[in-house]
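Undergrad: turn this into a model:
(2 chains)
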Amino acid sequence: AQSVTQLDSHVSVSEGTPVLLRCNYSSSYSPSLFWYVQHPNKGLQLLLKYTSAATLVKGINGFEAEFKKSETSFHLTKPSAHMSDAAEYFCVVSGYSSASKIIFGSGTRLSIRP
Amino acid sequence: DSGVTQTPKHLITATGQRVTLRCSPRSGDLSVYWYQQSLDQGLQFLIHYYNGEERAKGNILERFSAQQFPDLHSELNLSSLELGDSALYFCASSLRDRGNTIYFGEGSWLTVV
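TA: Purely as a prediction, here's the structure:
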């Protein structure tokens, strides 16, 4: 069985400061992990994905995430927040087994303070 | 632009009516997924089709149905609409039926009045 937990429903940071959005997963198999971003009234855009290659994954817009198997985590980070980063972020887990489904986290709303 | 096309972008209809939402997946993708996003329930998985066959069902109401056609486009049919069906409906596609990156369309806004 697979599951994903986004530990914070809302994160607020000041512009120019680091961003950390936390995600923990559970999977019986080697998972594929993704982060998506959704700006208001828009579709979900792929930020980055992990598929068992390098554990540190770089994505678009300066975001990156590190796969830590021992901690079953896939936290999303960015060194310096920009106002345009304000959006909803979803952590997603998928697998390769026949019983696997694509599981979405509940989302984290990121707010940026000027 | 993800390459996934959804129509219509916006739709307003009355309770009790029926609507059809259409989705064209990215070129070459065989899987199509439908999701419903509302303020109170968040992002809900509805159904997954792969190469014309239903692969997985989520929280899809009996009043809703979907199909994937031989040209791989998909339609989501919503009938006997209720106020609570007002939501953003997303289609997504992926290359195969498991383990792949899924790409989302911009969504179809449905308002039931």
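Undergrad: got a list of what residue B:77 touches?
TA: B:18-21, B:64-66 (CB atoms under 8 Å, 6 or more residues apart in numbering or on different chains). Bear in mind the C-beta positions are built from the backbone N, C-alpha and C, glycine included.
Undergrad: CA atoms of the helix or strand hosting it as PDB?
TA: Element membership of residue B:77 [criterion: DSSP states H and E] is strand B:74-78. Output of strand B:74-78 as PDB, limited to C-alpha atoms (Å, rounded to 0.1, in the frame of the first residue of the first chain):
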ATOM      1  CA  SER B  74     -11.500  10.800 -23.200                       C
ATOM      2  CA  GLU B  75     -14.900  12.100 -22.100                       C
ATOM      3  CA  LEU B  76     -16.300  12.500 -18.600                       C
ATOM      4  CA  ASN B  77     -20.100  12.500 -18.500                       C
ATOM      5  CA  LEU B  78     -21.800  14.100 -15.500                       C
END
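Undergrad: strands of the chain, start to end?
TA: The chain I'm using is chain A. All strands of chain A, identified by DSSP state E, fall at A:3-6, A:10-14, A:19-21, A:23-26, A:32-38, A:44-50, A:56-58, A:64-68, A:73-78, A:87-94, A:103-104, A:108-113.
Undergrad: my question was about chain B, not that one.
TA: When secondary structure is read from DSSP E, chain B shows strands at B:5-7, B:10-13, B:19-24, B:31-38, B:42-50, B:53-57, B:64-68, B:74-78, B:87-94, B:103-104, B:108-112.
Undergrad: quick check: buried residues in stretch B:52-62?
TA: B:55-56, B:60 (16 or more other CB atoms under 10 Å in any protein chain shown).
Undergrad: and that stretch, does that touch chain A?
TA: Yes. Using CB under 8 Å from any CB of the partner chain, stretch B:52-62 reaches chain A at B:56, B:58.
Undergrad: touching, residue B:48 and residue B:55? I think so.
TA: Yes. Using CB atoms under 8 Å, residue B:48 makes contact with residue B:55 at a distance of 4.6 Å.
Undergrad: any idea how far the closest residue to residue B:14 other than its chain neighbours is from residue B:64?
TA: Excluding its sequence neighbours, the residue lying closest to residue B:14 (CB to CB, 6 or more residues apart in numbering or on different chains) is residue B:113, at 6.0 Å. From residue B:113 across to residue B:64, the span is 19 Å (CB to CB, to the nearest Å).
Undergrad: more crowded one of these two?
TA: A direct count of neighbours by other CB atoms under 10 Å in any protein chain shown for residue B:113 and residue B:64 places residue B:64 higher, at 20 against 10.
Undergrad: before we move on, back to that, can I get the strands of chain B in TSV including mean pLDDT?
TA: Output for these, formatted as TSV (pLDDT from 0 to 100):
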stretch	mean pLDDT
strand B:5-7	97
strand B:10-13	96
strand B:19-24	98
strand B:31-38	93
strand B:42-50	90
strand B:53-57	91
strand B:64-68	97
strand B:74-78	98
strand B:87-94	94
strand B:103-104	92
strand B:108-112	96
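Undergrad: closest to residue A:110 out of those?
TA: Nearest of the strands of chain B to residue A:110, taken as CB to CB: strand B:42-50 at 16.0 Å.
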